[in-house]
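Peer 1: generate coordinates for the sequence data below:
(one chain, ligands or ions: 1)
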Amino acid sequence: MPLQIVHHPDYDAGFAVNHRFPMSKYPLLMAALRMRGLAKPDALWMPEPAPTARLKLAHAADYVDQVIACQVPEKIEREIGFPVGPRVSLRAQLATAGTVLAARLALKHGIACNAAGGSHHARRAHGAGFCTFNDVAVASLALLAEGAVENVLVVDLDVHQGDGTADILKDKPRAFTFSMHGERNYPVRKIASDLDVALPDGTGDDAYLERLAAILPELSGKRRWDLVFYNAGVDVHAEDRLGRLALSDDGLTAREDMVIGHFRKQGVPLCGVIGGGYSTDVPALAARHAILFEVASRYA
Ligand SMILES: [Zn+2]
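Peer 2: Sure thing, here's the model as predicted:
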């Protein structure tokens, strides 16, 4: 079976090429997936913007309304890291809906990936750290509310701590949040996940994979998970501009194989989202994000 992939051309909000947020990684990732033969037309899905009511499951109603109306207060826009104009607003609605759709596809097919998502710094009250809406939190709460799942696990391996997801899901006993991240990285004030592992600067493949291998069985021992959201941020890579860790391409491949293989062997559906990755060499960055899809395809 081909891997089910969710994508939308408007995931790219068209920022200037020198913007701190490498927006062009989204179309370049799709180009990389097509080149590798991973994006099959009959397994490609396009989301519609997420309904407002669904976004409000995870976010304060006034903040959601501000984003939809493109009237986010400047102070919050500064925390997000860019102004929320029409394209950013649409992009946030689409990327969030994309993760909801990918989660549904994962429940049906066992595995699916959104070619965006992982906006894990957006908390209940407002967005932050390049994140407008928290797609994984919205998708978790939507599927729990519908009764499509009973227990959801978030495995967040982006190099930054998943503070927004922890904030939104902290009082939801049916959603368990796990974050493994760089200790000295953003956010300065972390919001505790259900389980956090903080890694020192410069952590490389072996130490990283060893920690992860020890934790995955622990996570599986907690409950019978109906769905795993996997934030496969590639900002753990040695060449990432913000990451401070030192994984190689092979290390990333081994990580994706370890996580996906672990849950798929147990029959737990997995929804992958791409998370963070920062580089001025955007084609190289897109190739790093493509690793998730390459490995996921082997389990599709
Ligand atoms: Zn990150």
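Peer 1: okay, Q66: pLDDT?
Peer 2: For Q66, the model assigns a pLDDT of 98.
Peer 1: likewise for I168?
Peer 2: As predicted, I168 sits at a pLDDT of 98.
Peer 1: any idea how far it lies from D194?
Peer 2: If you measure I168 against D194 using Cβ to Cβ, to the nearest Å, the figure is 13 Å. All C-beta atoms are positioned from the backbone trio N, CA, C, and that covers glycine.
Peer 1: the two: which is more packed in?
Peer 2: Taking neighbours as other Cβ atoms under 10 Å, I168 and D194 compare with I168 leading, 27 against 18.
Peer 1: which SSE is that one in?
Peer 2: Take DSSP states H and E as the rule and I168 turns out to sit in helix 163-169.
Peer 1: ok, T177 next?
Peer 2: Element membership of T177, judged by DSSP H and E, is strand 175-182.
Peer 1: so how far is that strand off the chain centroid?
Peer 2: 12 Å (Cα atoms, centre = their mean, to the nearest Å).
Peer 1: which SSE is immediately downstream of that strand?
Peer 2: Using DSSP H and E, the helix or strand that follows strand 175-182 in sequence is strand 195-199.
Peer 1: Three-state assignment for the residue of the chain found nearest the ion, please.
Peer 2: Residue of the chain nearest the ion, by Cβ to the ion: G276 (2.7 Å). Using DSSP: H, G, I helix; E, B strand; the rest coil, the secondary structure recorded for G276 is coil.
Peer 1: if I look at it, how far off is H181?
Peer 2: G276 is 10 Å from H181, by Cβ to Cβ.
Peer 1: which bits of the stretch 101-250 of the chain sit near the ion?
Peer 2: Where proximity means Cβ under 5 Å from the ion, the interface of the stretch 101-250 of the chain facing the ion comprises 158, 160, 233, 235.
Peer 1: distance from stretch 76-86 to the middle of the chain?
Peer 2: What separates the centre of stretch 76-86 from the centre of its chain is 19 Å, taken as Cα atoms, centre = their mean.
Peer 1: from A300, how far out is the closest residue to F178 other than its chain neighbours?
Peer 2: Using Cβ to Cβ, 6 or more residues apart in numbering and skipping residues adjacent in sequence, the residue nearest F178 is L195, 4.6 Å away. As judged by Cβ to Cβ, L195 and A300 stand 28 Å apart.
Peer 1: which one of those two is surrounded by more residues?
Peer 2: Legend: neighbour count by other Cβ under 10 Å for L195 and A300, higher for A300 (20 against 16).
Peer 1: so where do the helices sit in the stretch 151-300 of the chain?
Peer 2: 163-169, 205-222, 249-265, 282-298 (DSSP state H, counting those that start in this stretch).
Peer 1: can you pull the buried residues of the third one?
Peer 2: It stands for helix 249-265. If you call a residue buried by 16 or more other Cβ atoms under 10 Å, then helix 249-265 has these buried ones: 249, 251-260, 262-264.
Peer 1: can you put these in JSON lines and add distance to E77 and pLDDT?
Peer 2: Output for those, formatted as JSON lines (distance: Cβ to Cβ, whole Å; pLDDT from 0 to 100):
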{"residue": "D249", "distance to E77": "35", "pLDDT": "98"}
{"residue": "G251", "distance to E77": "35", "pLDDT": "98"}
{"residue": "L252", "distance to E77": "32", "pLDDT": "98"}
{"residue": "T253", "distance to E77": "37", "pLDDT": "98"}
{"residue": "A254", "distance to E77": "38", "pLDDT": "98"}
{"residue": "R255", "distance to E77": "33", "pLDDT": "98"}
{"residue": "E256", "distance to E77": "33", "pLDDT": "98"}
{"residue": "D257", "distance to E77": "39", "pLDDT": "98"}
{"residue": "M258", "distance to E77": "38", "pLDDT": "98"}
{"residue": "V259", "distance to E77": "34", "pLDDT": "98"}
{"residue": "I260", "distance to E77": "36", "pLDDT": "98"}
{"residue": "H262", "distance to E77": "39", "pLDDT": "98"}
{"residue": "F263", "distance to E77": "37", "pLDDT": "98"}
{"residue": "R264", "distance to E77": "40", "pLDDT": "98"}
